[in-house]
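Peer 1: Quick check, what structure comes out for this input:
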Amino acid sequence: AFRNLPGVELCCVSRLNLLQLAPGGHMGRLCVWSQAAFDSLDTIYGDDGKNIPQPAMINADLARIINSDEVQSVVNPAKRSEKKPLRKKNPMKSLKALEKIDPYAAAARRSETAAMEARA
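Peer 2: Below is the predicted model of the structure:
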């Protein structure tokens, strides 16, 4: 009957995981347990909770593990790029770029600007 209520999720105790209890890592979800669910927890995890699953990693601080001296001494050094690619210059605005493409056009533009300066 609870399946028809919006926002209410049902799950079996044997398939229960942390992502269902705290989605996104945020605690604070209301969980309603039945007596049968508590009884089945004893069969899954043993009496007094002795067989609780252990985490795969003892230290979950991944950045600290990666930057540790033990790991950094084994991995290859970071690849550095030698040069940044140069930006393409516009030959219509840059005289040096125009000179690379067409030396005669650059000389013509220089003589034209010199003639304009002489007139002024």
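
Peer 1: use CA for all of it now, contacts and neighbours both
Peer 2: Noted.

Peer 1: lowest-pLDDT helix or strand in the protein?
Peer 2: helix 18-21 (a mean of 78; mean pLDDT, DSSP states H and E).

Peer 1: now the helices for this protein?
Peer 2: Using DSSP state H, the helices found in the chain span residues 18-21, 35-45, 62-66, 69-72, 95-101, 103-119.

Peer 1: Show me what the fifth one is packed against.
Peer 2: Under the contact criterion of 3 or more C-alpha pairs under 8 Å, 6 or more residues apart in numbering; DSSP states H and E, helix 95-101 touches helix 103-119.

Peer 1: Contacts for the helix it packs on, please.
Peer 2: Helix 103-119 is touched from outside by Leu95, Lys96, Leu98, Glu99, with contacts defined as C-alpha atoms under 8 Å, 6 or more residues apart in numbering.

Peer 1: Run a quick neighbour tally on the residue nearest to Ile66 when sequence neighbours are not counted.
Peer 2: Excluding its sequence neighbours, the residue lying closest to Ile66 (C-alpha to C-alpha, 6 or more residues apart in numbering) is Gln72, at 7.1 Å. Gln72 has 12 neighbours, counted by other C-alpha atoms under 10 Å.
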